[in-house]
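K.L.:
Show me how the following folds:
(one chain, ligands or ions: 1)
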Amino acid sequence: MYAKITGTGSYLPDHLMDNFELSEMVDTSDEWIQSRTGIKARHIAEQDTVVSMAVSAAKEAIRNAGIEPAGIDLVIVSSVSAEQILPCAACEVQAAIGADNAAAFDLNAACTGFISAYQVAAAQMKAGLIRTALVIGSECLSNLIDWTDRGTCILFGDGAGAAVITCQDSNIEVPFVLHSDGAKGAALSCSSGFGAEKSPYGNHIFMDGRAIYKFAVKQIPQLIHEILEQSGRSVEEIDLFLLHQANERIITSIAKHLQQDISKFPMNLQENGNISSASIPVLLDDLNRQGKLKPGMKLIVAGFGAGLTWGGMYLEW
Ligand code: UT7
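P.N.:
Got it, this is the predicted structure:
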């Protein structure tokens with residue numbers, strides 16, 4: 001059994017906030033942001049919500065896969081930033097797209113969320129429970145940002161990415177790896193709007209940037225070696241490494257560590273900023289629409305973020 005991505009879609013809000021616009025709001029500069037992160041701009045939602053963006057991305061992925069919504073067995077939405085708790089975003093998406101036969105639930109594993117959701121769907125396929133799943137990462141991080149904190153407001157953006165995953169009868173072995181380290185959770189934290197007085201965390205995203213940076217550049221190369229070992233592949237055999245789009249310097253450092261050319265690490269963070277669980281499916285859709293993903297290509301996809309969580313998988317396109 002192999003859980004193959006057979007369709008992708010994405011949605012980004014119209015308002016593209018560049019570094020110059022941000023530098024009128026906080027004490028920062030285009031030069032600082034670009035040199036420390038690679039980010040030039042990010043999309044910021046005005047009327048869009050986690051659900052509306054998820055629905056738009058989902059419809060595109062379904063069209064791209066050439067399936068009927070009624071053929072979807074499971075909808076998972078990964079998000080940390082939904083405007084509502086009940087009903088869950090996945091049920092709203094299920095209704096909006098007419099996936100009448102699907103089960104639906106949300107999942108929160110922050111920037112590793114799309115990877116976790118994909119692995120849950122693939123495990124259900126392996127268990128023979130489902131054949132087709134719709135996995136979505138949708139984030140409206142502008143809901144959670146303190147727009148006076150220059151350490152975080154320059155990093156994040158809004159958007160959604162979706163993938164249709166279909167069960168294929170195949171003997172391709174697909175290792176999945178997920179990790180967490182909850183003891184370090186305070187390094188990237190945010191309370192919800194409800195019962196916030198009982199939470200040790202503040203009302204906006206707090207991040208110890210240096211701690212997260214160090215964690216990512218240490219753990220992601222190790223994670224990739226773990227995935228390579230389990231898939232029986234060498235690092236040279238991998239065509240593309242699709243990593244969570246948080247910071248160009250993190251990705252460059254990982255490429256160096258693996259001694260692989262940076263051209264094998266496509267990026268779109270320059271225009272999108274960090275969109276947490278949406279970053280990987282939006283990148284997948286960008287590459288898919290540009291025709292850069294060829295049949296048989298070998299990919300390693302990996303994410304990392306709050307929790308702390310990190311995980312990844314080997315995929316063949
Ligand atoms: O998806 C979750 C994953 N998150 C991440 O991957 C984030 C990982 N961390 C990072 O990307 C980096 O740590 C940042 C980009 C957030 C920060 O870069 P840094 O090189 O670690 O900077 P820093 O926090 O150590 O700050 C260096 C200096 C400080 O000034 P002093 O104390 O040296 O005078 C900051 O106050 O830069 C200052 N600074 C800024 N200056 C201009 C911090 N933010 C800004 C800013 N503009 N936006």
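K.L.:
residues in contact with the closest residue to the ligand within the chain?
P.N.:
Closest to the ligand within the chain is Gly209: 2.7 Å, counting by C-beta to the nearest ligand atom. (Each C-beta comes from the backbone N, C-alpha and C, glycine too.) Residues in contact with Gly209 (C-beta atoms under 8 Å, 6 or more residues apart in numbering) are Gly151.
K.L.:
mind checking pLDDT for it?
P.N.:
Listed pLDDT for Gly209 reads 95.
K.L.:
Next one: it from Asn203, what distance?
P.N.:
Distance, Gly209 to Asn203, by C-beta to C-beta, to the nearest Å: 19 Å.
K.L.:
go on, Thr132?
P.N.:
Counting by C-beta to C-beta, the gap from Thr132 to Asn203 is 39 Å.
K.L.:
of these two, who's got more company?
P.N.:
Thr132 (23 against 13; other C-beta atoms under 10 Å).
K.L.:
measure the more buried one to Ala61 for me?
P.N.:
In this view, Thr132 and Ala61 are 11 Å apart by C-beta to C-beta.
K.L.:
Ala103: what's it in contact with?
P.N.:
73-75.
K.L.:
Spell out which parts of the stretch 151-300 of the chain neighbour the ligand.
P.N.:
Applying C-beta under 6 Å from any ligand atom, one finds that the stretch 151-300 of the chain approaches the ligand through 151, 154, 188, 209-210, 212-213, 216, 246-247, 250, 274, 276.
K.L.:
Just the buried ones out of the residues you listed, please.
P.N.:
Buried members of these, counted by 16 or more other C-beta atoms under 10 Å: 154, 188, 212-213, 216, 246-247, 250, 274, 276.
K.L.:
Could you state which residue of the protein sits nearest its centroid?
P.N.:
Closest residue to the average C-alpha location of the chain: Ser277 at 2.8 Å, with C-alpha atoms, centre = their mean.
K.L.:
my read is it is in a helix, agree?
P.N.:
Yes. Counting by DSSP: H, G, I helix; E, B strand; the rest coil, one finds Ser277 located in a helix.
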